[in-house]
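> Can you look at this prediction? I've put the sequence above it.
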2 protein chains.
Amino acid sequence: MTQAPSTPPSADTQDGPLPRQRRTYSIGELARMFEVTTRTIRFYEQEGLLAPERRGQTRIYDEKDRVRLKLTLRGKRLGFSLAEIREVVMMYDAMPDGNRRQLQRLLEILANKRRNMERQLEDIRLMQLEIDDVERRARDVLDGLHD
Amino acid sequence: MTQAPSTPPSADTQDGPLPRQRRTYSIGELARMFEVTTRTIRFYEQEGLLAPERRGQTRIYDEKDRVRLKLTLRGKRLGFSLAEIREVVMMYDAMPDGNRRQLQRLLEILANKRRNMERQLEDIRLMQLEIDDVERRARDVLDGLHD
DNA sequence: GTCTAGCTTGACGTTAACGTAAAGTGCTTG
DNA sequence: CAAGCACTTTACGTTAACGTCAAGCTAGAC
């Protein structure tokens, strides 16, 4: 429950115009931030989705890591497996020097995900209609129950 | 691969205005229809999501069962657990004589699912933007690769 | 110092959602 | 009637995604 930023002032010399966005996070911070456990975050690293630096033994996460975690969790909420997410993330990272086949494969995957999401959109639309219907009926029954 | 409706003509007497929608399905038909295995369908029954009639030992599915399976699979695609789906489905079935607390609970669950789906919609929107971005970059790199 | 909070690795446990194999039943088709 | 196919039950196996200890390191607070 205690919130303490991982980098307290530390009264260093040199606090000029430091690269503004160079903030870092501890594993616990990220865990609270996204409401997952530290175990989860370490597991994602083990699965190749994150690769934080180390200060000695301790993991240090930067902005890029945070974004990756965010995207990963979003992917999860949409039902993608960690393996799928990793595939895209890794290809994205290797993009600048990716060869043609890799890039073509990436485009395929993206097209797939797009189709997947189109379907999900449709599913959501339909499911919302169903829910509307069920709710309406439930309310009707409730109204009929004026004791 | 062979498709044969479960109720071949059977050359019975009496083929007048039979209750038009009284069609039934075998487990294999449903499986092919929704591209799941029969194991899956039996599993759903075991989990209380389906309750087909029996002709002897064999399961006979009617239109209502088919719809249930459809809704179940849609729910799955949206990331709901079988337990969640069952809860809604069972309450829906028990509705006419459901007591007030049950119905209130149902409304809660529905509100929850609604929130869930709102979030999914947002996730999809964001994810689509990400994908657009990644795809654009991939294409840029590909274009730069004119050998 | 020593105490605490938060970090580490390692390893086994757990749950959901099926897969898969074995062995038997029942219809219909040549 | 024998073959074949779709169906049945039983039961153990599998995979993903973590949970849950255990045991130990480390940096700052008192």
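Nice, I can see it.
> Longest strand in chain A, please.
Using DSSP state E, we find that the single longest strand of chain A is strand A:58-62.
> Strand partners (parallel or antiparallel) of it?
In the sheet, strand A:58-62 lines up against strand A:24-25 (antiparallel), strand A:53-55 (antiparallel) (DSSP bridges).
> That one and DNA strand D, any residue contact?
No: judged by CB under 7 Å from any atom of the strand, strand A:58-62 stays clear of DNA strand D, getting no closer than 7.6 Å. For every residue, glycine as well, the C-beta is placed using N, CA and C.
> Quick check: what element follows that strand along the chain?
Downstream of strand A:58-62, the first helix or strand assigned by DSSP states H and E is helix A:63-77.
> Now that following helix: buried residues?
By neighbour count on 16 or more other CB atoms under 10 Å in any protein chain shown, the buried set for helix A:63-77 is A:65-66, A:68-69, A:71-77.
> Which single one of these is nearest to A:Arg136?
Of all those, A:Arg136 sits closest to A:Arg77, with 27.7 Å by CB to CB.
> Who are the contact partners of the closest one?
B:79, B:119-120, B:123 (CB atoms under 8 Å, 6 or more residues apart in numbering or on different chains).
> repeat for A:Ile109
A:84, A:87-88, A:91.
> re earlier: and the longest strand of chain A, how far out from the chain's middle?
Computed by CA atoms, centre = their mean, to the nearest Å, the chain-centroid distance of strand A:58-62 equals 17 Å.
> angle of that strand against helix A:63-77?
90 degrees (axes from the mean of the first three to the mean of the last three CA atoms, to 10 degrees).
> which non-adjacent residue is nearest the closest residue to DNA strand C within chain A?
Ranked by CB to the nearest atom of the strand, the top residue of chain A for proximity to DNA strand C is A:Gly28, at 2.7 Å. Of all residues not flanking A:Gly28 in the chain, A:Thr38 sits nearest, at 6.2 Å (CB to CB, 6 or more residues apart in numbering or on different chains).
> burial of the one you found, as a residue count?
For A:Thr38, the number of neighbouring residues by other CB atoms under 10 Å in any protein chain shown comes to 14.
> Give me the distance between it and A:Gly56.
Distance of A:Thr38 to A:Gly56, given as CB to CB, to the nearest Å: 17 Å.
> if we can go back for a sec, among the contacts of A:Arg77, which ones are buried?
Using 16+ other CB under 10 Å, the buried ones in these are B:120, B:123.
> can you redo the contacts of A:Arg77 as CSV with pLDDT?
Below are those laid out as CSV (pLDDT from 0 to 100):
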residue, pLDDT
B:Gly79, 87
B:Arg119, 90
B:Gln120, 89
B:Asp123, 91
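> which of the contacts of A:Arg77 come close to chain A?
The residues of the contacts of A:Arg77 that also fall near chain A, by CB under 8 Å from any CB of the partner chain, are B:79, B:119-120, B:123.
> Could you point out which of the residues you listed is nearest to DNA strand D?
Checking those one by one against DNA strand D (CB to the nearest atom of the strand), the nearest turns out to be B:Gly79, at 11.5 Å.
> you'd agree that closest one is up against A:Gly79?
Yes: the pair B:Gly79 / A:Gly79 is scored as a contact, 4.8 Å apart, by CB atoms under 8 Å.
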